[in-house]
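Undergrad: I'd like to go over a predicted model; first the sequence, then the structure.
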Amino acid sequence: MKKLIVTVALALSSFFLVTASAVEEAGPTHVFIQVAGLSCPFCVQGLEKHLKKLDAVAGVTTSLKNGEAVLHLKPGRAVGEKELREAVKKAGFTAGQIRFDAKPAPEGGEKSDPEEKK
């Protein structure tokens, strides 16, 4: 019985280690897009509608105040910068800086400096 418990415990720990490694290697899970021209809630709604059409996008959170859209990507999915810029353009806006990240920006409106990561 002890041998069975040890075997199961080892199998489970190996599974969780492999799963954790796969998640880390999956790539970015969030994309931050600076969007020029957002001026009202209807603008936000139109932008989100176009961005949600992208296959890799699970959800979109847009800040009218910051002029930024945060895309939440589906696990294991990726989206290219060109595809993002085209979707923003189709919505009637101009995409500025695009940043791919594995985690969302810090709360409180602070944004991490991409230069700090280098």
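TA: That came through fine.
Undergrad: going by C-alpha atoms from here, please, whenever you check contacts or count neighbours.
TA: Noted.
Undergrad: how close does the nearest residue to Pro28 once chain neighbours are set aside sit to Gly59?
TA: Sequence neighbours aside, Ala102 is the residue nearest to Pro28 in space, at 4.3 Å (criterion: C-alpha to C-alpha, 6 or more residues apart in numbering). Counting by C-alpha to C-alpha, to the nearest Å, the gap from Ala102 to Gly59 is 15 Å.
Undergrad: now Ala91. Nearest residue, chain neighbours left out?
TA: Leu47 (5.3 Å).
Undergrad: would that neighbour count as being in a helix?
TA: Yes. With the criterion set as DSSP: H, G, I helix; E, B strand; the rest coil, the secondary structure at Leu47 is a helix.
Undergrad: I'd guessed it sits against Val88; true?
TA: Yes. Contact criterion C-alpha atoms under 8 Å: Leu47 and Val88 qualify, at 6.6 Å.
Undergrad: any idea how far Ala69 is from Phe100?
TA: For Ala69 relative to Phe100 (C-alpha to C-alpha), the value is 12 Å.
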